[in-house]
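**Student:** my questions concern the predicted model and sequence given below.
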Amino acid sequence: MYEVEMKFCVGDIDLFEQNIGRLGVKFESDAVEEVDKFYSHPQRDFNQTDECLRLRLRKFIDGGEEKFLTYKGPKIDKETKTRNELEIKIGDDITLELILNALGFKAVDTVRKFRRQTEIIVDGVVVELLLDFIPELDSYGCDGHFVEIETIASENDLELKRNLILDLAKKLNLKNSIRTSYLGLIKQKRTQSQ
């Protein structure tokens, strides 16, 4: 399976929500906190291979939690962030971290974000729209506010769904797609402030 995704910096998040609201789309009112812990591989550099291994803790406003282990492969095109994605929901993250450490994987960085989402149907395809606020990027050009558009594709419909996401971004007047991950943006910010 592939995740077909585009990400954009949104300077005026309220205006974006108003504009998309005219299309009948409404985001969840409460943000979910996501804490992503990223791991290095013992024998290859994920920065060079454009891969990632991530442990995500999702915290809901009611106190509930979900945990996921996700592998993302290298991006496969130059316009979107389309890549192979494998994800599994886990229950025992402490034991999983012990296993990863025993195999030589090391936790290298963490990204914290607050996410609100909604789903829309475009040409019969379920598309997720995600509003993200990343506190560590609050001095970024959009005050830490980003919009992601994503859907899942198989080998058979990959090109169709990629074009659908590209078209939807145009319809929503989203420009200047960002292909760098949040972790990459945070690392850039840290380097610039040194």
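**Tutor:** Okay, I see it.
**Student:** list the strands paired with the strand ranked longest in the chain, with their directions.
**Tutor:** The single longest strand within the chain, with elements called by DSSP state E, is strand 106-122. Looking at strand 106-122 with DSSP bridges, its partner strands are strand 32-40 (antiparallel), strand 125-133 (antiparallel).
**Student:** buried ones in the last one?
**Tutor:** Translated: strand 125-133. Using 16 or more other CB atoms under 10 Å as the test for burial, strand 125-133 gives 125, 127, 129-133. Any C-beta I mention is one placed from the backbone N, CA and C, and that applies to glycine too.
**Student:** out of these, which comes closest to Asp45?
**Tutor:** Here the nearest of those to Asp45, counting by CB to CB, is Asp132; it sits at 26.3 Å.
**Student:** residues in contact with the nearest residue to the closest one once chain neighbours are set aside?
**Tutor:** For Asp132, ignoring the flanking residues on the chain, the nearest one in space by CB to CB, 6 or more residues apart in numbering is Phe146 at 4.5 Å. Applying CB atoms under 8 Å, 6 or more residues apart in numbering, we find Phe146 in contact with 7-10, 131-134, 178, 182.
**Student:** tell me which helix or strand comes right after the helix or strand hosting Phe146.
**Tutor:** In the assignment (DSSP states H and E), Phe146 maps to strand 145-153. Note on strand 145-153: by DSSP H and E, the next helix or strand toward the C-terminus is helix 158-171.
**Student:** how about the lowest-mean-pLDDT helix or strand in the chain: buried residues?
**Tutor:** Among the helical and strand segments of the chain, the one scoring lowest on mean pLDDT, DSSP states H and E is helix 13-21, with a mean of 88. Buried residues in helix 13-21, defined by neighbour count with 16+ other CB under 10 Å: 13, 16-17, 20.
**Student:** in this structure Leu166 contacts Val4, no?
**Tutor:** No. Using CB atoms under 8 Å, Leu166 is not in contact with Val4; the gap is 9.3 Å.
**Student:** before we move on, back to that, what pairs with the strand holding Phe146, parallel or antiparallel?
**Tutor:** Applying DSSP bridges to the sheet, strand 145-153 is found paired with strand 2-9 (antiparallel), strand 125-133 (antiparallel).
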